[in-house]
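A.B. asks: coords below, sequence missing:
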């Protein structure tokens, strides 16, 4: 085959695509068929198995907030995954409680997904309920008013638009809450 | 015997057939517009680097905020500059390797026109916040469709040219360009269309398959096609081994596509899939080292040419950067290394070495080599070309090395959770300042390069009308 490809464009293309499709199909089409947790929303009522809770579909307002998060490119600087690293569970934790690691079943309704690749700012996979609405208002207007040394850009146009502000906050407050990981539900509103 | 074929071909293609005159108008249009975008998007690059140092810069204008300029930088550099330049150089070298004219200059010019419309559409839609929310696949649906149409037009033109070729044996660059065309078609469809019917981890997996192979099966094969063509040409030495180039090609075709999940090592994706992606990431060393060995061996006894041969300087520096970036990649996929460098500023250092240091260097070299031949006149200034090399080199090295050091430091800090996150941000401020000034040097390199290209293309000492 390889020698024929030397003089035949058809053989070269058939070979190149054939080899490509082996790996292509086995790593994209097959995995979701094998690992069904990718598509099954998180649900657990047995505390012995870890945090309880249920992943609900997005409400209209949360969906709008997600769209704003996408539009403004928040995902270029904030990841949404608490990885299987001790440091990640500590950093995503809050008030002395470690965060559970992120699992595929927590992200079933995310489209587009917001896992991200770069942490210029902190990870947001468990940010829901850590800060109240007033904190977010001040922070979006000028992050440096609350966090000295932050390099996050200001987003005054979000705060100045009541509907958009309500939506982005509703989205942020939802993140990571499918797993009810706080010991006494001490989430901020 | 295989070696003789490649030697014969280099000789055959270095003696121009007296009757064959290449028109090259498609290649000219692609190159001139890609170089223009290189310059324009270079400004965007500088602005976003500056925003790391001065976060309030242009901070109250939504269209000029970081979150909108970053995708413009990435898409503009990948599709406006690099892919367009690669396509332009493919229109130049495929007819020459086949010993025939390009199948249709008319179709080629229409492709160039459509490509320019796509890039202009991308600028407008990305600044307006029209973002699909998937990395490298940010462009809205109508533009995705236009990209597919343009790619089909490009593919038809190249394949019809190959079908009419005079030499039966195909040189390795021809395979790589054919591979690029067919792989890109499927990789692009996966990343821009299949992702829209999925969500969550399944979508992320398709997204990373696309992101990884946008580099691995688009920019790598077409970049290698350029290197395989221009290194023997610019050094006037036959390629060391045809057989070795086959090893590289077929191993690339097989192993690259398996590695998408290495973008989510330690993340919420099945462990066995992470392990598969790690195993195949390490196997990437096979295609990389076979290509790099071939290039070095081709240069044996010819290294003195690097003193004053600017295209060759870009090419061989690009080969070294290719070797380094493709050593980093497999190493990053190892779980222990990944736990330190993943998500840090190391990664942009790595990514820029691939796209700028390796593949853009190949495209710049090809442009310097091909442009005077296409226009039938001398390059505007050899000295300026040499300056552009050193500016790119100094700026690039400054950029890569500071981000690696900074990223490594950042990764160690993150793994010590007693250090508050904001302190790890503040620690990197000097790194980002050096990165900005390295960016200024790189941008000066772009100016020198773009000015040289445009002055050559539009200059008055023309023997034929400029494009």
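C.D. replies: Yes, it's here. Bear in mind the structure is a predicted one, so any value in this text is a computation, not a measurement.
A.B. asks: center of chain B, which residue is that?
C.D. replies: residue B:359 (3.9 Å; CA atoms, centre = their mean).
A.B. asks: thought it was touching residue B:85?
C.D. replies: No. Assessed by CB atoms under 8 Å, residue B:359 is found out of contact with residue B:85, at 9.4 Å. Backbone N, C-alpha and C define where each C-beta goes, glycine included.
A.B. asks: follow-up on the earlier one: ok, now which ones touch the residue nearest to the centre of chain B?
C.D. replies: Shown in contact with residue B:359 (CB atoms under 8 Å, 6 or more residues apart in numbering or on different chains): B:82, B:86, B:219, B:220, B:223, B:318, B:322.
A.B. asks: state the pLDDT value of the closest residue to residue B:363 other than its chain neighbours.
C.D. replies: Leaving aside its sequence neighbours, residue B:363 sits nearest to residue B:85 (CB to CB, 6 or more residues apart in numbering or on different chains; 4.2 Å). Here, the pLDDT recorded for residue B:85 equals 98.
A.B. asks: okay, now residue B:85: neighbour count?
C.D. replies: Number of residues near residue B:85 (other CB atoms under 10 Å in any protein chain shown) recorded here: 26.
A.B. asks: helix or strand: which one has it?
C.D. replies: In this structure, residue B:85 sits in helix B:84-98 according to DSSP states H and E.
A.B. asks: return the set of buried residues in that helix.
C.D. replies: B:84-98 (16 or more other CB atoms under 10 Å in any protein chain shown).
A.B. asks: what's the first helix or strand after it?
C.D. replies: Next along the chain from helix B:84-98, counting by DSSP H and E, comes helix B:105-127.
A.B. asks: give me the neighbour count for residue B:376.
C.D. replies: Neighbours around residue B:376, by other CB under 10 Å: 11.
A.B. asks: and it, how far from residue B:96?
C.D. replies: Noted for residue B:376: a distance of 15 Å to residue B:96, by CB to CB, to the nearest Å.
A.B. asks: cool, residue B:190 as well?
C.D. replies: Applying CB to CB to residue B:190 and residue B:96 gives a distance of 32 Å.
A.B. asks: equivalent analysis for residue B:117, please.
C.D. replies: Separation of residue B:117 from residue B:96 (CB to CB): 28 Å.
A.B. asks: try residue A:133
C.D. replies: The gap separating residue A:133 from residue B:96 is 65 Å, by CB to CB.
A.B. asks: would you mind giving the domain segments of chain A?
C.D. replies: Listed by automatic domain parsing, the domain ranges of chain A are A:4-34, A:57-174.
A.B. asks: have a look at chain B and report its longest helix.
C.D. replies: helix B:382-415 (DSSP state H).
A.B. asks: do the same with chain A
C.D. replies: Under DSSP H, chain A gives helix A:9-28 as its longest helix.
A.B. asks: elements contacting that helix?
C.D. replies: Applying 3 or more CB pairs under 8 Å, 6 or more residues apart in numbering or on different chains; DSSP states H and E, one finds that helix A:9-28 contacts helix A:4-7, helix B:141-163, helix B:172-192, helix B:200-214, helix B:242-255, helix B:271-283.
A.B. asks: out of the buried residues of helix B:84-98, flag the one nearest to residue B:157.
C.D. replies: For the buried residues of helix B:84-98, the residue nearest residue B:157 by CB to CB is residue B:91; the value is 7.5 Å.
A.B. asks: which residue sits closest to the closest one, ignoring its sequence neighbours?
C.D. replies: In space, and not counting its chain neighbours, residue B:91 is closest to residue B:27: 4.1 Å by CB to CB, 6+ apart.
A.B. asks: got a list of what that neighbour touches?
C.D. replies: Contacts here follow CB under 8 Å, 6+ apart; on that basis residue B:27 touches B:88, B:89, B:91, B:92, B:108, B:370, B:374.
A.B. asks: tell me the confidence at the residue lying closest to residue B:101 once chain neighbours are set aside?
C.D. replies: Closest residue to residue B:101 apart from its sequence neighbours, by CB to CB, 6+ apart: residue B:95 at 5.7 Å. Among the per-residue scores, residue B:95 shows a pLDDT of 96.
A.B. asks: residue B:441 now?
C.D. replies: We have a pLDDT of 98 for residue B:441.
A.B. asks: what's the local residue count around the closest residue to it other than its chain neighbours?
C.D. replies: Take residue B:441 and drop its neighbours on the chain: the residue closest to it by CB to CB, 6+ apart is residue B:395, 3.1 Å away. Residue B:395 has 22 neighbours, counted by other CB under 10 Å.
A.B. asks: I figured residue B:395 hits residue B:434, correct?
C.D. replies: No. In this structure, residue B:395 is not within contact of residue B:434 by CB under 8 Å, at 10.9 Å.
A.B. asks: ok, now which ones touch the closest residue to residue B:213 other than its chain neighbours?
C.D. replies: What sits nearest to residue B:213 in space, not counting adjacent residues and going by CB to CB, 6+ apart, is residue B:187, at 4.4 Å. Counting by CB under 8 Å, 6+ apart, residue B:187 makes contact with B:209, B:210, B:213, B:214, B:217, B:218.
A.B. asks: what does the stretch 51-200 of chain B have sitting close to chain A?
C.D. replies: Proximity of the stretch 51-200 of chain B to chain A (CB under 8 Å from any CB of the partner chain) is limited to residues B:51-52, B:55-56, B:59-60, B:62, B:65-68, B:70-71, B:129-135, B:159, B:162-163, B:168-170, B:175, B:178-179, B:182-183, B:186, B:190, B:194-196, B:198-200.
A.B. asks: ok, 7 Å please
C.D. replies: B:51-52, B:55-56, B:59-60, B:62, B:65-68, B:70-71, B:129, B:131-135, B:162-163, B:168-170, B:175, B:178-179, B:182-183, B:186, B:190, B:199-200 (CB under 7 Å from any CB of the partner chain).
A.B. asks: next one: the stretch 251-400 of chain B
C.D. replies: B:253-254, B:257-258, B:260-261, B:263-264, B:266-270, B:273, B:276, B:339, B:343, B:347.
A.B. asks: which of these fall in helices?
C.D. replies: B:253, B:254, B:273, B:276, B:339, B:347.
A.B. asks: for residue B:415, state which of the residues you listed is nearest.
C.D. replies: Set against residue B:415, the nearest of those by CB to CB is residue B:339 (7.0 Å).
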